[in-house]
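Novice: kindly return the folded structure for what I paste below:
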Amino acid sequence: MTDTAVTHQTDPAKRARLRWRARRGLLENDLILTRFLDAHEATLTDEEVDAFSRLMELSDNDLMSLLLSRKELDGEADLPHVRALLTTLRRV
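Specialist: The predicted model follows:
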């Protein structure tokens, strides 16, 4: 039997949804997130997609503070794979 699990990489709708969620109210967030997706979207693992989705649940101001290293992750989003993705996003 073959594995028929639908992942981010095999489902164009999931990829489009991720890019749509990256559209933010703050232009600075849009620029950083779009630049990141342009460079890395095709190679994102499902774990990285989960981390990205968790960051997209934050408010624009909280996300910007994280991206600019003004604050660090806390609460439910403070997970190793989210921290790893945040480090990558900060380098964009």
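Novice: going forward, measure contacts and count neighbours with C-alpha atoms only.
Specialist: Noted.
Novice: got a list of what the residue nearest in space to the middle of the chain touches?
Specialist: The structure's the chain has its C-alpha centroid closest to F52; by CA atoms, centre = their mean the separation is 2.2 Å. Listed by CA atoms under 8 Å, 6 or more residues apart in numbering, the contact set of F52 reads V82, L85.
Novice: how about a cut-off of 6 Å?
Specialist: By CA atoms under 6 Å, 6 or more residues apart in numbering, the contact list for F52 is empty.
Novice: does S53 lie in a helix or a strand, and which?
Specialist: Element membership of S53 [criterion: DSSP states H and E] is helix 46-56.
Novice: can you list the buried residues in that helix?
Specialist: Under the neighbour-count criterion of 16 or more other CA atoms under 10 Å, helix 46-56 has E48, V49, D50, A51, F52, L55, M56 buried.
Novice: ok, stretch 57-76 next?
Specialist: Buried residues in stretch 57-76 (16+ other CA under 10 Å): D60, D62, L63, M64, L66, L67, L73.
Novice: over to stretch 27-45?
Specialist: Judged by neighbour count using 16+ other CA under 10 Å, the buried positions of stretch 27-45 are N29, I32, L33, T34, F36, L37, E41, L44.
Novice: farthest pair within those?
Specialist: Pairwise distances across the buried residues of stretch 27-45 peak at 19.0 Å for N29 and L44 (criterion: CA to CA).
Novice: let me see the mean pLDDT of the helix or strand containing W20.
Specialist: Following DSSP H and E, one finds W20 within helix 12-21. Mean pLDDT, helix 12-21: 82.
Novice: and it with helix 46-56, angle?
Specialist: Calculated by axes from the mean of the first three to the mean of the last three CA atoms, to 10 degrees, helix 12-21 forms an angle of 30 degrees with helix 46-56.
Novice: could you export helix 12-21 as PDB, keeping only the C-alpha atoms?
Specialist: Extracted C-alpha coordinates of helix 12-21, given in PDB (Å, rounded to 0.1, in the frame of the first residue of the first chain):
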ATOM      1  CA  PRO A  12      -1.300  23.300  -4.500                       C
ATOM      2  CA  ALA A  13      -4.300  24.500  -2.400                       C
ATOM      3  CA  LYS A  14      -2.300  24.200   0.800                       C
ATOM      4  CA  ARG A  15       0.600  26.100  -0.700                       C
ATOM      5  CA  ALA A  16      -1.800  28.800  -1.900                       C
ATOM      6  CA  ARG A  17      -3.400  29.000   1.500                       C
ATOM      7  CA  LEU A  18      -0.100  29.400   3.200                       C
ATOM      8  CA  ARG A  19       0.800  32.300   1.000                       C
ATOM      9  CA  TRP A  20      -2.600  33.900   1.500                       C
ATOM     10  CA  ARG A  21      -2.100  33.700   5.300                       C
END
